[in-house]
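Colleague: Dropping the sequence and predicted coords here.
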Amino acid sequence: MGFSRSRRRQVSLPFVKSVEIAAKSIRARFFRSLITLLSLVLAISFFTYVKTNITAAKGIILSKDAASVAKLVREGYDLDDPGHNPKQQWIVFLSLLVCVVGIVNTQLMAVTERFREIGTMKCLGALDRFILRLFLIEAFIQGVVGATVGALAGMSVALVALIMSFGVGVFTSISWPDLALTLASSIGLGCFLSVAGVLYPALVAARMAPVEAMRRMG
Amino acid sequence: MDEASKIVRVTGVTKSFPMGRTVVPVLKGIDLSIRAGEYISIMGPSGSGKSTLFNMIGGLDKPSSGAVYIDEVDIAQLDAYELAWLRCRKIGYIFQTFNIIQVMTALENVTLPMVFAGKNAAQATEKGMALLDLVGLKERFNHKPFELSGGQQQRVAVARALANDPAIILADEPTGNLDVKTGGEIIKLLKMLSNENGVTVISATHDFKMLNVSDRVVWIEDGRIDRIENRDELSISMGVIETRVGGR
């Protein structure tokens, strides 16, 4: 029957087809995807909220508006370097921790409940890397959507809160390029964490013998 | 048996599973040869090891010792690509629990193995529709598994197993979750494939209806082959067989 090396290329999954299957899978599990998305949205919005506040604080300090600066001090900001003092860094670190734990946990669950599907796909001729690729693409799509929504939500909430504290004058002192950078880095972080969070469970699942994957209830 | 026509050969296969601190032997040395085009039933009580043997033949699990040859190639020697090729093109699997991919329609389930095999979308769709027609589900091609009955899902699984014209169909208790009538239809379908397309059908089962269509029946008991009977040696009177099995 010729298990020759020439057969190697005869098992394939084109990239476009992978994206199509991943997108369909997200759509078909709409509510499950929504929960994964929600965890991403919450984590990234918290992170963006913290970063936006720091960016705004820097702008206020540079504006040298005495009343606003005094208010900042009352709120506990360090005037020397609001982005780098231990308290602010601790908050950013905590928000990142919430991101990582939330996303990894959700992705772990999402992969675990699909063991049977993974086993079936392997029985139909899927290579380990097809499975891995499908999960990574799914996680990336979820990352882009969830992180964008989360970053926009977090920034909106932070800006509204800033207006309520400091008035609309805060918009004149804030550095818009820094704000854009915060938005972009938050979205990038969300995508990265979503993909990184799915990597380990997907790798374990993809490497399982088909029968073992199907034996574990999915 | 003619050496050249053997499509599956199992030699000295054992399989043990660790269970806590002890190791439980499930298969204790199986030797079996299957000819191309045969319809084989592996019969035995629950826990006898028939599903484990099924997994070994299908390359879904590795034996603890011994070897499984498909077309005289030891499948333990195959790399990941070759094993995927074997599962994709050479063997079609049917499971007791259907294992239809829940998020895909009937047609998408049937065409998935063809996608892996590199067929283009138009060819895959055309063949997928023909296969769904063969199993009587052409009208329901766009239905998701939860919109289909158990029997219909199993028919989708049969169509999917045939997607890449495999030489072997492995069916693990294909009628186990179906009522008597629907189970009978699946058995008839498998027999038709065996007769008309020369597909080798290997089925692990404890459904006595399978005996009527099997060329040979391999009786497994406690991890060993108890006996192998040709159809003409079988007493196909259900009562007699059940008495024989029940009395063991």
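Modeller: All right, it came through fine. Numbering: from 1, shown residues only, chains lettered A, B, ... in the order given.
Colleague: Every contact and neighbour count from this point should use C-alpha atoms.
Modeller: Fine.
Colleague: What score does the residue in chain A positioned nearest to chain B have for pLDDT?
Modeller: Evaluated by Cα to the nearest Cα, chain A has residue A:125 as its residue closest to chain B, separated by 4.0 Å. Confidence at residue A:125, expressed as pLDDT, is 91.
Colleague: and the closest residue to it other than its chain neighbours, which of the three is it?
Modeller: The spatially closest residue to residue A:125, leaving aside those adjacent along the chain, is residue B:88, at 4.0 Å (Cα to Cα, 6 or more residues apart in numbering or on different chains). Three-state call for residue B:88 (DSSP: H, G, I helix; E, B strand; the rest coil): helix.
Colleague: cool, the one 5 residues further on as well?
Modeller: Each residue gets one of three states, and residue B:93 gets strand by three-state DSSP.
Colleague: Give me the longest helix you can find in the chain.
Modeller: All of this is about chain A. For chain A, the helix reaching the highest residue count under DSSP state H is reported as helix A:128-166.
Colleague: Can you look at chain B instead?
Modeller: Residue-count comparison of every helix in chain B, with assignments taken from DSSP H, identifies helix B:180-197 as the longest.
Colleague: Mind listing what's buried along that helix?
Modeller: Burial within helix B:180-197, assessed by neighbour count using 16 or more other Cα atoms under 10 Å in any protein chain shown, is assigned to B:182, B:183, B:184, B:186, B:187, B:189, B:190, B:191, B:193, B:194.
Colleague: Check the nearest residue to the third one once chain neighbours are set aside and give its pLDDT.
Modeller: Read it as residue B:184. For residue B:184, ignoring the flanking residues on the chain, the nearest one in space by Cα to Cα, 6+ apart is residue B:209 at 7.2 Å. The predicted local distance difference test score for residue B:209 is 84.
Colleague: so residue B:209 touches residue B:186, yeah?
Modeller: No. Using Cα atoms under 8 Å, residue B:209 makes no contact with residue B:186, being 10.8 Å away.
Colleague: which residues sit in contact with residue B:67?
Modeller: Neighbour list for residue B:67: B:10, B:11, B:12, B:13, B:74, B:75, B:76 [criterion: Cα atoms under 8 Å, 6 or more residues apart in numbering or on different chains].
Colleague: Repeat the analysis, applying 10 Å as the threshold.
Modeller: For residue B:67, the contacting residues are B:9-14, B:30-31, B:56-57, B:73-77, taking Cα atoms under 10 Å, 6 or more residues apart in numbering or on different chains as the criterion.
Colleague: Looking at those residues, which is nearest chain A?
Modeller: Looking across the contacts of residue B:67 and measuring by Cα to the nearest Cα, the closest to chain A is residue B:73, at 8.2 Å.
Colleague: So what does that closest one look like in phi/psi?
Modeller: Taking degrees, to the nearest 10, you get phi -110, psi 130 for the backbone angles of residue B:73.
Colleague: rewinding a little: for residue B:144, see how far away the residue of chain A closest to chain B is.
Modeller: Distance of residue A:125 to residue B:144, given as Cα to Cα, to the nearest Å: 22 Å.
Colleague: low-scoring stretches of chain B, by residue?
Modeller: Scanning chain B with the threshold set as pLDDT under 70 gives B:1-4, B:235-248.
Colleague: Buried members of the contacts of residue B:67 into PyMOL, please.
Modeller: This is the PyMOL syntax for the buried subset of the contacts of residue B:67, where burial follows 16+ other Cα under 10 Å:
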select buried, chain B and resi 9+10+13+14+30+56+57+73+75+76
